[in-house]
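Q: When you get a sec, could you give me coordinates for this:
(one chain, ligands or ions: 1)
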Amino acid sequence: LSKRPRAAEHVAPEQGPGAAPALADVLRVAAVAWQMFRTGRALDRAISEALSRGEDGVLPRMAPAVKDVAYTAARRLALIEAIIGRLTDRPPSAALRALLAVSIGQLLAQRHGAHTVVDQAVRAAQSSRGGAAGAHGFVNAVLRNVLRHRAELEQELNQQDSVRYNAPPWWIDRLRAAYPAEWRTILDRGNEPPPLVLRVNTAAIRVAEYLERLGAQGVAATRVGPQAVWLHDPVPVTRIEGFAEGVVSVQDAGAQLAAQWLGVAAGQRVLDACAAPGGKTGQLAEMAPLQIDAVDVDRERCARIEQNLARLGSHRAASVHVRVADLADPQAWTAGRRYDRILLDAPCTASGIVRRHPDIPWLRRPADVAQLATQQRRLLQALWPLLRPTGRLLYIVCSLFPEEGAGQIDGFLRRHPDARLIALPGQPTGTLQLLPTAARAGHWSAGLPTLHDGFFLALVEKRPDEEKPD
Ligand SMILES: C[S@@+](CC[C@H](N)C(=O)[O-])C[C@H]1O[C@@H](n2cnc3c(N)ncnc32)[C@H](O)[C@@H]1O
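A: Got it, this is the predicted structure:
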């Protein structure tokens, strides 16, 4: 295990293929991605598009450094954009703003010497093809001003909640209304680096044994859930012990609860609804000899379910059938099939996983919450008839907004008298809202995981045919 390489401050073209890319190149590509992101593209997608544009000097191996630079800026987006507003008389072009944004992100993060960042940003402007070309003098002046006034700018701008917590005002208002005591902590968590948490396939290896394997290699790790291990220092998946052989998978400990709490038994027919990219499919497949239908509407993402399953190899106990289909229209694919268990991992705002995707609050619009809640309601409505009497459905969303969680399930129970909540294992109630916890979490020995993102979970059972609701 070793840490991922950072962008080098300088690199000569003749250096070998493993050499770190020049920071100037990384800033230039990250700026292209940033510009796309600020017009509404998800940051990961924007980064892959920027990398695939085939510009001079762009190499696939730049991806981690570009991602690091873009994500670093996203975690301070509100402050960075407020600084740019303060230090420029007229709004710069979108391309120039983007280069300034990713460069200021590096200055604020203090990963490289300040003058190196300025120098490399100027070089990036010089080698840009778009609107930043020819503006290297301007880039130099703005960045030097940032260095000169950084402390007072930060202090003053941080008075605004939007800057302090790095989220749009409407997002903050919703969290404040739903969590009057915790909203500040929740928002702070969103700007922390995401912890790398693994799911250990306990059918293949005991968690204690896996931790011993890590310990023997000097890898710092803590058990944070029944099957969950937190690696203190994030590394690319290719360097994770046992990942390639399918002994461990990357999955947040809160997300792991869904399959664990579904309560599956050998021989059952299980619908993994909204399955892609297959994190929970893989987990279910490890658990017991089940017949799993893993369904998702997104063909490209379905291919990733197959890849995930292939990696698990012989560590799979279940047979899995992956289908591309719209779950809101079950007649199109079910052929009258009924399931013993349904796991619905519904599309949502993803407000519980902002530290993994700091672009989320900036991509969402207030109306998205109601729109996604409507999609979730339709999916619950369409899938409920597919559950056989006495069967169980586990609903999960990685959201903190009550409309997608408790409110969604309350409405569902009102509309479906043949549904009743079942206490979640080890919990007093049938629903649970998990708020993200800090990556300083302690060792797990029982109960809920100690380190997790934000999720809402609910477990619903269908009454037997003959049983009348109260
Ligand atoms: C939260 S992600 C699922 C994550 C997945 N369960 C895992 O553990 O890796 C939500 C998924 O819902 C899918 N989805 C959204 N609407 C759908 C629909 N109407 N029918 C099927 N899948 C849908 C999306 O394509 C997306 O892959």
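
Q: contacts and neighbour counts: CA atoms only from here.
A: OK.

Q: residue ranges for the strands of the chain, please.
A: Applying DSSP state E to the chain gives strands spanning 196-200, 221-223, 228-231, 248-250, 269-273, 291-296, 319-324, 339-345, 387-397, 419-421, 431-434, 455-462.

Q: Who are the contact partners of the one residue in the stretch 1-150 of the chain that gets nearest to the ligand?
A: Taking CA to the nearest ligand atom, the ligand has its nearest neighbour within the stretch 1-150 of the chain at residue 42, 14.1 Å off. Shown in contact with residue 42 (CA atoms under 8 Å, 6 or more residues apart in numbering): 359-360, 363.

Q: 6 Å - rerun?
A: Residue 42 makes no contacts at all, as judged by CA atoms under 6 Å, 6 or more residues apart in numbering.

Q: distance of the residue sitting nearest the centre point of the chain from residue 191?
A: The residue lying closest to the centre of the chain (CA atoms, centre = their mean) is residue 356, at 4.1 Å. Distance from residue 356 to residue 191, counting by CA to CA, to the nearest Å: 9 Å.

Q: Quick one: closest of the strands of the chain to the ligand.
A: Of those, nearest to the ligand by CA to the nearest ligand atom is strand 291-296, at 3.7 Å.

Q: Which secondary structure elements does that closest one sit against?
A: Strand 291-296 sits against strand 269-273, strand 319-324, with contacts defined as 3 or more CA pairs under 6 Å, 6 or more residues apart in numbering; DSSP states H and E.

Q: Would you mind finding the most buried of the ones you listed?
A: strand 269-273 (a mean of 25; mean count of other CA atoms under 10 Å).

Q: For it, give the mean pLDDT please.
A: Over the span of strand 269-273, the pLDDT mean works out to 98.

Q: Could you do stretch 365-375 as well?
A: On average, stretch 365-375 scores 98.

Q: same check, this time on stretch 349-357
A: 98.

Q: end to end, how far does that stretch reach?
A: Using CA to CA, one end of stretch 349-357 lies 11 Å from the other.

Q: Contacts for that stretch, please.
A: Applying CA under 6 Å, 6+ apart, the contact partners of stretch 349-357 are 190-192, 194, 398-400, 453-455.

Q: wait, which of these is closest to the ligand?
A: residue 398 (7.1 Å).

Q: Just the pLDDT at residue 77, thanks.
A: 98.

Q: Not including adjacent chain positions, what is the nearest residue to it?
A: Among residues not flanking residue 77 along the chain, residue 166 sits closest, at 6.5 Å (CA to CA, 6 or more residues apart in numbering).

Q: Distance check, the one you found against residue 94.
A: 20 Å.

Q: Of the two, which one has the most company?
A: residue 166 (26 against 19; other CA atoms under 10 Å).

Q: ok, that one touching residue 78?
A: Yes - using CA atoms under 6 Å, residue 166 makes contact with residue 78 at a distance of 5.3 Å.

Q: So in the protein, which helix runs the longest?
A: helix 136-157 (DSSP state H).

Q: Around the ligand, which positions in the stretch 301-450 of the chain sit nearby?
A: 325-328, 345-347 (CA under 6 Å from any ligand atom).

Q: Please repeat the previous calculation with a cut-off of 8 Å.
A: For the stretch 301-450 of the chain, the residues in contact with the ligand (CA under 8 Å from any ligand atom) are 301-302, 305, 324-329, 344-348, 350, 375, 379, 397-398.

Q: Just the buried ones from those residues, in ChimeraX syntax?
A: Selection command for ChimeraX covering only the buried members of those, criterion 16 or more other CA atoms under 10 Å:
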select :301,302,305,324,325,326,327,328,344,345,346,347,348,350,375,379,397,398
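
Q: Narrow the residues of the stretch 301-450 of the chain next to the ligand to those in helices?
A: 301-302, 305, 375, 379.

Q: Export those residues as JSON lines, with columns for distance to residue 315.
A: Shown next, in JSON lines, are these (distance: CA to CA, whole Å):
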{"residue": "301", "distance to residue 315": "22"}
{"residue": "302", "distance to residue 315": "20"}
{"residue": "305", "distance to residue 315": "15"}
{"residue": "375", "distance to residue 315": "34"}
{"residue": "379", "distance to residue 315": "31"}
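
Q: For residue 312, state which of these is nearest.
A: Each of these was scored against residue 312 by CA to CA, and residue 305 proved nearest at 10.8 Å.

Q: tally of neighbours for the residue lying closest to the closest one once chain neighbours are set aside?
A: If the residues on either side of it in the chain are set aside, residue 305 comes closest to residue 278, at 4.4 Å by CA to CA, 6+ apart. Neighbour count for residue 278, taken as other CA under 10 Å: 24.

Q: Buried ones among the contacts of stretch 349-357?
A: Looks like the contacts of stretch 349-357 have 190-191, 194, 398-400, 453-455 buried, using 16+ other CA under 10 Å.

Q: Could I get the contacting residues of residue 380?
A: Contacts of residue 380 (CA under 6 Å, 6+ apart): none.

Q: any idea how far it is from the ligand?
A: Distance, residue 380 to the ligand, using CA to the nearest ligand atom, to the nearest Å: 10 Å.

Q: how many neighbours does residue 239 have?
A: Using other CA under 10 Å: residue 239 sits among 14 other residues.

Q: Model confidence score at residue 468, please.
A: pLDDT, residue 468: 57.
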